[in-house]
Structures are given as structure tokens and as C-alpha cells.
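# Give me a 3D structure for the following:
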Amino acid sequence: MKSLFAGMLALVFSFLGSQKVSAAPISDSIKTIRAVGKEGQGNAAAAKAWQLLSMSDADALPEILAAIDGANPF
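Below you'll find the predicted structure:
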């Protein structure tokens, strides 16, 4: 999960949009991504959450990076 999250993080910043996302959707999106279970349970919701994160402003970077701490190693 940690490498998956790191990969998503890299994609987020490579596709940053011009739209800004408020803090609530950022934390909700992070929770959704971190909730992906065994065999991809919750993957569809995580994909949508990633799309929201990809529209985040650079100001969201500290919160996104902090979310990596304690992530599942898979």
C-alpha cells in the first residue's frame, strides 16, 4: 500500500489541475485510499479519491505526504 500510495502521489503531482480542492475532500480522499483492502477491495472508490487528490493545490502537499506515514507496506 505504501508503494501504491507513493505511486499515486507521484501521479497526483504530475497531473495537478488548475482547480483547487478544499481540505475536507483531501482528508476524505486520503482516508478512502488508505482503506483499500485485500485483493483491491475499495479500489473503485480509491480511484475516484485519487482523481480528487490530483486536483489539489500544492498547499495540500504536507497533508498528503504526512498520510504516507503509517501506511500499509503493500
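# For the rest of this, base every contact and every neighbour count on C-alpha atoms.
Will do.
# how much space is there between L65 and G40?
Look at L65 and G40: by Cα to Cα, to the nearest Å, they are 22 Å apart.
# My error: substitute G70 in the last question.
For G70, the distance to G40 - Cα to Cα - is 19 Å.
# Over to S54?
For S54, the distance to G40 - Cα to Cα - is 20 Å.
# more crowded one of the two?
Between S54 and G40, counted using other Cα atoms under 10 Å, S54 has the larger neighbour count: 24 against 10.
# can you pull out the helices in this protein?
2-14, 23-34, 43-54, 61-68 (DSSP state H).
# In CSV, list those helices along with mean pLDDT.
CSV is the format used below for these (pLDDT from 0 to 100):
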stretch, mean pLDDT
helix 2-14, 68
helix 23-34, 86
helix 43-54, 93
helix 61-68, 90
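# Need the distance between the two termini of stretch 54-66.
Start-to-end span of stretch 54-66 (Cα to Cα) is 16 Å.
# List the buried residues for it?
S54, M55, S56, D57, A60, I64 (16 or more other Cα atoms under 10 Å).
# tell me the phi and psi of the second one?
Reported as degrees, to the nearest 10, the phi and psi values for M55 are phi -100, psi 0.
# what about it, distance to S29?
M55 is 11 Å from S29, by Cα to Cα.
# do the same with the third one
From S56 over to S29 the distance is 11 Å, taken as Cα to Cα.
# and what of A49?
5 Å.
# do G7 as well
15 Å.
# okay, those two: which has more neighbours?
S29 (22 against 11).
# What is the burial count for G37?
12.
# how about it, phi and psi?
Backbone torsions for G37, taken as degrees, to the nearest 10, come to phi -100, psi -170.
# cool, the one 5 residues further on as well?
Phi and psi for G42, reported as degrees, to the nearest 10, are phi 90, psi 10.
# all numbers from here: first residue = 44
Happy to do that; since the first residue is 44 now, the last one works out to G85.
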